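Chemist: Need the 3D shape of this:
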Amino acid sequence: MSNREDIISEFMATTDWRNATRAPLAGDASMRKYQRVGSGADGRGAVLMDADPALGNDVRPFVEITNYLRSIQLSAPEVFAEDEANGLLLIEDLGDDLFARVVLAKPALEQPLYEAATDVLLDLHTAKPPALKPYDTAFMTKMAALAFDWYKFGVEDGVDENTKVAFETAFTTLLDSKVSAPSVLIQRDYHAENLLWLPARSGVSRVGLLDYQDALLGHPAYDLVSLLKDARRDVPLPIEEAMIARYIAASGRDDTEFRDAYHVLGLQRNLRILGVFARLSMHFGKPSYVDLIPRVWGLVERDLDAPVNAPVADILKKALPAPTPEILQRLKDKCATIPTL
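Modeler: Numbering: from 1, shown residues only. So this is what the prediction gives:
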C-alpha cells in the first residue's frame, strides 16, 4: 500500500463512508484523481477527490467556490468531509448524466439543456460575486499567447518573438476597447462535459456544476463562450445564436457590445486552449488532446472572421499554421518530451 493510499484510508476512516467501496472515476486534464464511493451510513453515495498537494493541487478554492455557489442555490456538490492539508475531499455524487452524454442519448433535449445552462449564468450574474482575482486584460493576453508558446513552438521548434509581441500589443488594445472590466464570477470551464443534468430538481438547480475551482472575476460573456464554443463537441450554430439572444434579452445588455465581447473572448479562450492542448501532449504526456485541436482551430477561424477581431486577424493568420495531419502528428511525436520552456 502506497503512502498516498494510507493517507486516503485514514481520511475515509473518519467519515460515514469508512466501510464503503471505492472505484476509479474518469479524471480531467488536471492532476486530480477521482473515485466513486459506495453508500455511506445514510445510504448516500459520494465522490472522493484526490488532489495531492505534492502535485501542486490545492482544494481550498474548490471548497470556497462550492460554498458560494450553494449559497445562491446553484447545484454544486455538497462537501461531506475534507482534509485540506492532504488534498482530500468527499463530495456529493451528482451522478453520470453529463450534458454531453444526455444529448447523445436524447438529441431532443439539446436545446432545453443549453437553455437551462444559459439560465444558470443569468442567475449567477445577478448575484454579488465573492472576492476573486480578475481575469483582466494582462492575464487574458498572457493566456492567449499560449498559442505561440506551445502550439507554434511545438510545430516549428521556435517562436518569432517580434510577432508574438506584436500580437500581444494589438490584443491588449482590443481587449481594453471591447471587453469591459471583470464584474461576475466566471467558472472558466463551463461546458457540456462539466455540467450534469438533474431533472428531479427544479429551475436552475437542474444543472449540476463541476470543475469551477479556477474561478475568477471576468466578463459575463466568458462562460457563455465556454458553453457554446466547446472544444469537445460541436454546438449547432442555431443553438449558439439562440442562447446568445436569450442571454442578451434576459440580461438587458447592449446587443452590439455583448456580441463584440463574445467574439473577442471566443478568440482569447480558444487561442489559450490551442496552447493548452499542445502543452498537455508535449509536457504532460497526454496526446489525446491533440485530436481536439482541429475543432479548436475551427473556432479560432470563425472568430477571426468577426469584424471586431480585425486588429489581430492578419497577425494570427500569418503566424499560426493550420493543424494539418502532419502538424498534429508532430505534436504527438513530441509527447512528454518538453519538461518546461
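Chemist: Just the buried positions in the helix ranked longest in the chain, please.
Modeler: Taking residue count as the measure and DSSP state H as the definition, the longest helix of the chain comes out as helix 255-282. When neighbours are counted by 16 or more other Cβ atoms under 10 Å, the buried residues of helix 255-282 are found to be 258-282. Heads up, the C-betas are built off the backbone N, CA and C, glycines and all.
Chemist: Check which element follows it along the chain.
Modeler: As assigned by DSSP states H and E, the chain's next helix or strand after helix 255-282 is helix 293-304.
Chemist: Does anything pack onto that next one? Which helices or strands?
Modeler: Of the remaining helices and strands, those touching helix 293-304 by 3 or more Cβ pairs under 8 Å, 6 or more residues apart in numbering; DSSP states H and E are helix 255-282, helix 310-319, helix 325-333.
Chemist: by contact count, what packs against the longest one?
Modeler: Helices and strands touching helix 255-282, as assessed by 3+ Cβ pairs under 8 Å, 6+ apart, comprise helix 137-144, helix 146, helix 153-156, helix 161-178, helix 221-228, helix 237-251, helix 293-304, helix 325-333.
Chemist: looking at those, which is closest to Pro311?
Modeler: Pro311 lies closest, by Cβ to Cβ, to one member of the helices and strands packed on helix 255-282: helix 161-178, at 5.0 Å.
Chemist: Name the next helix or strand downstream of that closest one, please.
Modeler: Using DSSP H and E, the helix or strand that follows helix 161-178 towards the C-terminus is strand 184-186.
Chemist: how deep is Lys318 tucked in, by neighbour count?
Modeler: The local packing of Lys318 (other Cβ atoms under 10 Å) involves 9 other residues.
Chemist: How about the contacts made by the closest residue to Lys133 other than its chain neighbours?
Modeler: Across the structure, with Cβ to Cβ, 6 or more residues apart in numbering as the measure, the residue nearest Lys133 apart from its sequence neighbours is Leu216 (5.5 Å). For Leu216, the contacting residues are Leu132, Lys133, Pro134, Tyr135, Pro182, Leu185, Ile186, Arg188, taking Cβ atoms under 8 Å, 6 or more residues apart in numbering as the criterion.
Chemist: Next up, phi/psi of the last one, please.
Modeler: So that's Arg188. Here the main-chain torsion angles of Arg188 (degrees, to the nearest 10) amount to phi 80, psi -20.
Chemist: what about it, how many neighbours?
Modeler: 20.
Chemist: Equivalent analysis for Val204, please.
Modeler: For Val204, using other Cβ under 10 Å, the count is 19.
Chemist: residues touching it, list them.
Modeler: The neighbours of Val204, taking Cβ under 8 Å, 6+ apart as the test, are Gln73, Leu74, Ser75, Ala116, Asp119, Val120, Asp123.
Chemist: can I see the domain layout of the protein?
Modeler: 3-92, 99-333 (automatic domain parsing).
Chemist: looking at the ones you listed, which is buried most?
Modeler: When the domains of the chain are scored by mean count of other Cβ atoms under 10 Å, the highest mean neighbour count falls to domain 99-333 (a mean of 18).
Chemist: State the mean pLDDT of it.
Modeler: In this model, domain 99-333 has an average pLDDT of 97.
Chemist: switch to numbering from 432
Modeler: Yep, numbering from 432; the last one is domain 530-764 now.
Chemist: now the end-to-end length of it.
Modeler: Start and end residues of domain 530-764 are separated by 33 Å (Cα to Cα, to the nearest Å).
Chemist: Out of the contacts of Leu647, the closest to Phe511 would be?
Modeler: Each of these was checked against Phe511 using Cβ to Cβ; the closest is Leu616, at 23.5 Å.
Chemist: Give the closest residue to the closest one in space, chain neighbours not counted.
Modeler: Per Cβ to Cβ, 6+ apart, closest to Leu616 is Pro560, 4.3 Å.
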